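Student: Structure for the following, please:
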Amino acid sequence: MSGSEGRAANKLMAERYRALARVGVGGTAVVFRCRDLHTQRIVAVKSLRSNAANATPEAAKRFHREARLAAQLAHPNIVRVLDYGLTLPVIVGPQAHWSEDPDKPTPYLAMEYVFGVTLKDLLRRVGPLPLDWVWRLGEQLCAALAMAHSVGVVHRDVKPQNVMLLDSPLELLAKLTDFGIARQMGGDLSALTATGQVIGTPDYLSPEQVLGEPGGPSSDLYSLGIVLYELVTGRLPFEADTPLAAASKRMMMDAPPLTAFRRDTPAALQEVILVALRRDMPERFRSAMEFAEALRWSRAHAPAQPAVARGSWLAPGRAEPRQPTADAAVEGELDLSQQPTVLRVMRDPYAESTADAQPAPGAGGYAGGYAGG
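Tutor: Numbering: from 1, shown residues only. Sure, this is the predicted structure:
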């Protein structure tokens with residue numbers, strides 16, 4: 001297909017999604033902000049990169065599994081999966097070919113688009129967060145994990161990079177994304193994960209995951225404990241020259257008190273976070289709901305904290321929070337309207353019976369929350 005033919009095709013993916021901008025590129029996936037022509041809604045469409053160094057059949061299977069598992073999760077604090085299937089690869093300009101073979105179908109995954117930033121981006125901008133925000137975000141992430149665990153899905157990569165914050169002046173709303181390395185409890189991992197293989201992001205791994213164990217709900221809660229520690233103090237509880245060295249520390253050492261880095265940390269909140277970071281799984285919270293209840297208890301037993309309003313901190317320099325329009329350009333995106341673009345289309349939703357014989361959807365979050373690496 002020529003460039004002119006691609007433009008005539010109206011920049012469509014899967015005969016439905018018109019690409020507006022490239023949101024981000026991860027190790028295994030590229031993500032576009034698109035308009036869904038069926039609903040006129042803005043969505044994020046993630047497509048597997050077949051030319052990536054780690055683009056293996058296993059990565060394609062994980063991509064499919066992400067779509068299948070995440071599609072089970074309907075919760076206000078989880079980024080919703082709307083659709084998945086196959087599309088011929090997107091080619092944007094001569095230097096950005098995401099596929100080795102433009103005629104080979106590649107998996108795609110359509111998700112709700114969140115106008116905002118990742119929790120990691122916010123930490124880089126403002127450092128330690130107001131305690132009011134820590135409690136609110138902690139309870140929301142507990143609720144997201146409780147829902148996932150209730151249907152047997154373990155995330156295994158809970159970290160600030162995988163939490164999107166909605167840019168809204170009305171509420172502080174977190175959405176957990178990126179189920180690319182999630183697993184179904186009781187499922188067979190032998191085809192996707194080698195025995196003893198470390199899966200996840202080293203800075204946020206639980207001790208059992210560092211040892212190469214697959215991890216369960218308690219592992220997700222440990223990782224959430226590290227996230228909350230970082231939100232309060234602006235740093236990780238275990239630091240070393242390398243992430244894996246820091247991960248090894250948490251198998252032998254308890255986390256230092258949060259008050260060592262932030263003196264106004266309430267004793268009750270510190271107690272809750274340190275329980276989540278216990279090295280032995282039986283000593284941690286038994287469930288995400290128990291963790292959430294402990295956070296509510298710590299808030300009730302802490303000195304009164306001033307409520308901190310939402311505002312323009314999500315995009316420095318704005319006098320008012322952005323009220324984005326559907327086609328508005330977003331910082332960090334590559335506008336495709338002026339790019340020589342070829343979008344090849346093929347519709348072929350996955351069937352369970354042929355999942356092992358074809359590429360499959362699901363790997364990574366988007367632009368720091370969508371385009372996982």
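Student: and after the helix or strand containing residue 245, which helix or strand comes next?
Tutor: According to DSSP states H and E, residue 245 maps onto helix 243-249. The helix or strand immediately downstream of helix 243-249 is helix 267-276, counting by DSSP H and E.
Student: just for the stretch 251-373 of the chain, where's the confidence low?
Tutor: Applying pLDDT under 70 to the stretch 251-373 of the chain picks out residues 309-332, 334-373.
Student: what about residue 149, how many residues close to it?
Tutor: With neighbours defined by other CB atoms under 10 Å, the count for residue 149 comes to 20. C-betas here are computed from N, CA, C, even on glycine.
Student: And what about residue 21, helix, strand or coil?
Tutor: strand (DSSP: H, G, I helix; E, B strand; the rest coil).
Student: so what's it closest to, chain neighbours aside?
Tutor: Spatial nearest neighbour of residue 21, excluding adjacent residues (CB to CB, 6 or more residues apart in numbering): residue 333 at 3.9 Å.
Student: Looks like that neighbour contacts residue 34 (just checking).
Tutor: No - at 11.6 Å, residue 333 does not count as touching residue 34 under the criterion of CB atoms under 8 Å.
Student: between the two, what contacts are shared?
Tutor: Counting by CB atoms under 8 Å, 6 or more residues apart in numbering, residue 333 and residue 34 have no common neighbour.
Student: Give the residue from those two that has the larger number of neighbours.
Tutor: For residue 333 versus residue 34, neighbours defined as other CB under 10 Å are more numerous around residue 34 (26 against 17).
Student: ok so the more buried one is a strand residue?
Tutor: Yes - according to three-state DSSP, residue 34 belongs to a strand.
Student: roughly how far apart are it and residue 40?
Tutor: 11 Å (CB to CB, to the nearest Å).
Student: Kindly report the same for residue 46.
Tutor: As for residue 46, its distance to residue 40 is 20 Å (criterion: CB to CB).
Student: higher neighbour count, those two?
Tutor: Taking neighbours as other CB under 10 Å, residue 46 and residue 40 compare with residue 46 leading, 34 against 8.
Student: Who does the more buried one form a beta bridge with?
Tutor: residue 31, residue 109 (DSSP bridges).
Student: what's the answer for residue 25, then?
Tutor: residue 30.
Student: Would you mind measuring from it to residue 82?
Tutor: As judged by CB to CB, residue 25 and residue 82 stand 21 Å apart.
Student: ok, now residue 170?
Tutor: To residue 82, residue 170 is 23 Å away according to CB to CB.
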